[in-house]
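1. Let's see this in three dimensions:
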Amino acid sequence: MKARALAGLTLVALLGGGLWWLSQRAAAPDAGRDGTASANAGAGNVSVAGSPGSSPAASASGGFVAGGPATCLPCHAEVVAEWQASMHSRAFTDPQVRAPDQSDNFQKQECLPCHASRPVFEHGIAQDTRVLARVERRSDGIDCLSCHALPGGEVAATRSGLQAPCRPALRTELSTQQMCAACHNQHNTHDEWRASPAAVAGKDCLDCHMVRTVRNGSEAGAPRAGRHHGFPGGRDRDFVLPGISLDGQIVGDEKLLRVTLGNDFAGHNLPTDSRNRALDLVVTLFDARGTALKPPAGEVREPGCETGTARRRFRNPYRASGDPNTQLPAGEKAVLDVPLPDDAVRAVVELYYKLSPWVPDKEAFWTQRLEIALH
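-> Model prediction:
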């Protein structure tokens, strides 16, 4: 009798444990879909397919299993660290990306493919194609596998003859702008580049956004040449400013201040990509008492554009807005002419880069400032 009872209890325990294990297996994919329960929901972490210092993941049969950035970490720690500091790693988790006027916490499903991408080589490498969204590890954003994974299980490399568990295979497209177009032409950035002086000169995305570097130390194959995986962009003020010019000149017998903004070196319009971004050029005139002079009476301004004596906005508007595209094309200059009243003695010229067009100037992501004495 006791033996039967013990056997029954053992059976119940086994069934209960089995049901718990199945429930955890079923829950795991869903946890990765919204990024809230993933092991790397915050920036600066990597998925748990591997861990720092571990060997590359392997299947029961001994074959390589690519499981996200942690799988690459043992051989490519320097590259993974660069990626972790980039916006690519935060493409799914960044609060600004999840804001209501952007992806709305990815309720806008059309945003998912470019913020948690399946490998580009699966669907997006040909011109005018687009990547698909993945359902696992979404909080990794645009990760190593988004760009390097190949349909046959290998990983794309820029050199041939490499020997490693991940089976590197030469794919020349990896060193070209083709890798970027599937996501970054959703808002016409790639088309802008095609029409730019940079394209005519033979320069593409990699020349600015993936500069050449040298890999040393414990990096696989070191010392060797490579590309930096920090992907700097519009949020990086020190990266943007060398590519633009901003100056002001008094013309017409001191009756006009002409402010000129030049998109001198960018290979695309300014600002580019996300339609939420805005670049505002603002001129504020001051009298001898330090009082800011008001704009002309009756001038109507958008929300977030209240300050300044005169201003001009550069932006690719929302598709449904009907507003004109006011971006500054590559290689071109824009002029803002500001009439100078007799009591104006000083001008402050400011350039505001905004991640949302409606935020006030004081909440701009970065600012460039220029002061001009008028008398």
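2. Spit out the contact partners of the most centrally placed residue in the chain.
-> For the chain, the residue nearest the mean C-alpha position is Met87 (4.5 Å; CA atoms, centre = their mean). By CB atoms under 8 Å, 6 or more residues apart in numbering, Met87 lies in contact with Asp94, Phe231, Gly233, Arg235. C-beta: built from backbone N, CA, C; applies to glycine.
3. can you name the two of the residues you listed that are farthest apart?
-> By the measure CB to CB, Asp94 and Phe231 form the most distant pair in these, at 13.3 Å.
4. Strands along the protein, start to end?
-> Per DSSP state E, the chain carries strands over the ranges 155-157, 168-170, 212-215, 224-227, 244-251, 256-263, 278-286, 310-314, 333-339, 346-354, 366-373.
5. do you know which of the ones you listed lies nearest Thr189?
-> strand 256-263 (13.4 Å).
6. and that closest one, which strands flank it?
-> strand 244-251 (antiparallel), strand 333-339 (antiparallel) (DSSP bridges).
7. got the angle for that strand vs strand 278-286?
-> 160 degrees (axes from the mean of the first three to the mean of the last three CA atoms, to 10 degrees).
8. What does the pLDDT read for Glu154?
-> Looking at Glu154, its pLDDT stands at 93.
9. count of neighbours near it?
-> By the measure other CB atoms under 10 Å, the count of residues near Glu154 is 18.
10. what's the distance between it and Pro165?
-> Distance, Glu154 to Pro165, by CB to CB, to the nearest Å: 11 Å.
11. Also Arg311?
-> 56 Å.
12. what's near enough to touch the closest residue to Gly304 other than its chain neighbours?
-> Excluding its sequence neighbours, the residue lying closest to Gly304 (CB to CB, 6 or more residues apart in numbering) is Trp358, at 4.6 Å. Applying CB under 8 Å, 6+ apart to Trp358 gives the contacts Asp101, Glu302, Pro303, Gly304.
13. what's near enough to touch the first one?
-> Under the criterion of CB under 8 Å, 6+ apart, the contact list for Asp101 reads Asn276, Ser356, Trp358.
14. likewise Arg369?
-> With CB under 8 Å, 6+ apart, Arg369 has these contacts: Val348, Val349, Glu350, Leu351.
15. quick one on the thing from earlier: quickly check the contacts of Trp358 for the two that are furthest apart.
-> Checking the contacts of Trp358 with CB to CB, the most distant pair is Asp101 and Glu302, at 13.7 Å.
16. ok so, going back, adding pLDDT and distance to Ala199, write the contacts of Asp101 out as JSON lines.
-> Formatted as JSON lines, those follow (pLDDT from 0 to 100; distance: CB to CB, whole Å):
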{"residue": "Asn276", "pLDDT": "91", "distance to Ala199": "26"}
{"residue": "Ser356", "pLDDT": "93", "distance to Ala199": "30"}
{"residue": "Trp358", "pLDDT": "92", "distance to Ala199": "33"}
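17. on that earlier part again, closest one to His148 among the strands of the chain?
-> Among the strands of the chain, if distance is taken as CB to CB, the winner is strand 155-157, at 4.5 Å.
18. Average pLDDT for stretch 287-302, rounded please.
-> In the prediction, stretch 287-302 has an average pLDDT of 93.
19. Which positions within it qualify as buried?
-> For stretch 287-302, the neighbour count (16 or more other CB atoms under 10 Å) marks Leu293, Pro295 as buried.
20. pull the CA atoms of that stretch into PDB?
-> C-alpha atoms of stretch 287-302 as PDB (Å, rounded to 0.1, in the frame of the first residue of the first chain):
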ATOM      1  CA  ASP A 287      18.700  95.400 -28.200                       C
ATOM      2  CA  ALA A 288      21.200  97.300 -26.100                       C
ATOM      3  CA  ARG A 289      19.300  96.300 -22.900                       C
ATOM      4  CA  GLY A 290      19.600  92.600 -23.700                       C
ATOM      5  CA  THR A 291      15.900  92.200 -24.600                       C
ATOM      6  CA  ALA A 292      15.100  89.700 -27.300                       C
ATOM      7  CA  LEU A 293      13.200  91.300 -30.200                       C
ATOM      8  CA  LYS A 294      10.000  89.600 -31.100                       C
ATOM      9  CA  PRO A 295       9.100  88.100 -34.500                       C
ATOM     10  CA  PRO A 296       6.900  90.100 -37.000                       C
ATOM     11  CA  ALA A 297       3.300  90.600 -35.800                       C
ATOM     12  CA  GLY A 298       0.900  88.000 -37.000                       C
ATOM     13  CA  GLU A 299       3.500  85.300 -37.800                       C
ATOM     14  CA  VAL A 300       2.100  81.800 -37.200                       C
ATOM     15  CA  ARG A 301       4.400  79.200 -35.800                       C
ATOM     16  CA  GLU A 302       4.200  75.400 -35.100                       C
END
